[in-house]
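# Fold the stuff below for me.
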Amino acid sequence: MGFAINDAQNGDEHPRAKALKGFGGRSVLEVIDDEDGDTFRAVYTVRFAGVIYVLHAFQKKSKKGIETPEHDILVIQARLKAAEAHYQENYGKGGKK
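As a prediction, this is how the structure comes out:
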């Protein structure tokens, strides 16, 4: 996962990064790693110029296929909204750069 985040910081997209469904295009990406039978996910956004926000990293515990659990989607949505506010305050119009 670290390599995928590093790639994003350098303006590239890791081969295993994929768009998270429901977030419109490729601005919210997900990387999945499997380790010893467990699945781990990291979700980050490249929506903002020059800034990467890691929105959520978690172990997927649901046994209902590959779908991201609703609780985790709600966490990601809330953190994306907070990231948007942070970016506007710090990097948007009149913000520090």
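
# thinking Asp72 is in contact with Ala57, fair?
No - contact criterion Cβ atoms under 8 Å: Asp72 and Ala57 do not qualify, at 10.2 Å. (Each C-beta comes from the backbone N, C-alpha and C, glycine too.)

# more neighbours, the two?
Asp72 (18 against 13; other Cβ atoms under 10 Å).

# What segments of the protein are strands?
18-19, 28-35, 38-48, 51-60 (DSSP state E).

# Just put these in TSV and tack on mean pLDDT and distance to Asn10.
Converted to TSV, the strands of the chain look like this (pLDDT from 0 to 100; distance: least, Cβ to Cβ, whole Å):
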stretch	mean pLDDT	distance to Asn10
strand 18-19	95	18
strand 28-35	94	14
strand 38-48	93	11
strand 51-60	94	10
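
# Could you dump those into JSON lines with distance to Gly11 added?
Compiled in JSON lines, the strands of the chain are given as follows (distance: least, Cβ to Cβ, whole Å):
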{"stretch": "strand 18-19", "distance to Gly11": "17"}
{"stretch": "strand 28-35", "distance to Gly11": "13"}
{"stretch": "strand 38-48", "distance to Gly11": "9"}
{"stretch": "strand 51-60", "distance to Gly11": "10"}
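
# right, and the ones you listed - which one's nearest Asp12?
Closest to Asp12 of these is strand 38-48 (Cβ to Cβ; 10.1 Å).

# chain center to that closest one: distance?
3 Å (Cα atoms, centre = their mean, to the nearest Å).

# Which strands and helices lie in contact with it?
helix 2-9, strand 28-35, strand 51-60, helix 70-90 (3 or more Cβ pairs under 8 Å, 6 or more residues apart in numbering; DSSP states H and E).

# sorry, back to before: hey, what's in contact with both of Asp72 and Ala57?
Common contacts of Asp72 and Ala57 (Cβ atoms under 8 Å, 6 or more residues apart in numbering): Arg41.

# What lies in contact with stretch 68-77?
Counting by Cβ under 8 Å, 6+ apart, 20, 22-23, 28, 30, 41, 43, 55-56, 58, 60-62 sit against stretch 68-77.

# rewinding a little: could the helices and strands packed on strand 38-48 go into TSV alongside distance to Pro15?
Converted to TSV, those look like this (distance: least, Cβ to Cβ, whole Å):
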stretch	distance to Pro15
helix 2-9	9
strand 28-35	10
strand 51-60	17
helix 70-90	22
